[in-house]
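1. Turn this into a structure:
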Amino acid sequence: MSEDKFDILSALLNEIGGEIAEIVGGDPAGTYLYAEAGEGWIGSSLFKDEGSAVRYYDTTEELDELLLEFRMTEGRGKRWAVMEYEIKGTKVDAQFMYSEDVDVEDFDEDRREIALKKRYGDKPVIYPPWPGQEAD
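-> Presented below is the predicted three-dimensional model:
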């Protein structure tokens with residue numbers, strides 16, 4: 001990878017982290033982003049570990065655009081299909097799976113739930129209420 005490409009990818013990872021901080025309203029430590037992508041589409045989910053539970057946050061169009069830009073920086077045969085991005089304190093850990101590892105035709109909530117179970121075990125996940133429902 002050329003130094004210029006490394007600089008571009010690093011800058012995009014930093015922008016992704018900044019957008020995550022915006023979404024969660026401050027400190028992004030303890031956040032986990034799960035994203036799946038294919039040609040012309042992306043699906044992403046954001047979670048934050050709150051100790052006894054994990055909270056889900058709706059992602060933004062800006063975050064998805066950054067993720068697509070990050071993905072498109074690679075050549076056609078080298079683009080990730082699944083990205084797991086975790087912020088631990090001040091460090092970022094990004095893991096990728098490619099089309100030879102996983103068949104991604106569209107966003108699969110079951111795959112996301114398997115990844116959450118692997119990461120958080122039986123810790124409850126708090127999702128926002130559906131529109132028209134009151135929060136507990």
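2. Is Tyr34 in contact with Ser44, as I believe?
-> Yes. At 6.9 Å, Tyr34 counts as touching Ser44 under the criterion of CB atoms under 8 Å. Glycine gets a C-beta too; all of them are placed from N, C-alpha and C.
3. For the residue sitting nearest the centre point of the chain, which non-adjacent residue is spatially closest?
-> In the chain, the C-alpha closest to the average C-alpha coordinate belongs to Leu33, at a distance of 2.5 Å (CA atoms, centre = their mean). The shortest distance from Leu33 to any non-neighbouring residue, by CB to CB, 6 or more residues apart in numbering, is to Tyr85 (4.1 Å).
4. and what of Tyr56?
-> Tyr127 (4.7 Å).
5. that older thread, work out for me the element the residue nearest to the centre of the chain sits within.
-> Element membership of Leu33 [criterion: DSSP states H and E] is strand 31-38.
6. helices or strands next to the next helix or strand after that strand in the packing?
-> Per DSSP H and E, strand 31-38 leads on to strand 41-49 as the next helix or strand towards the C-terminus. Contacts defined by 3 or more CB pairs under 8 Å, 6 or more residues apart in numbering; DSSP states H and E place strand 41-49 against helix 3-24, strand 31-38, strand 54-57, helix 61-72, helix 109-120.
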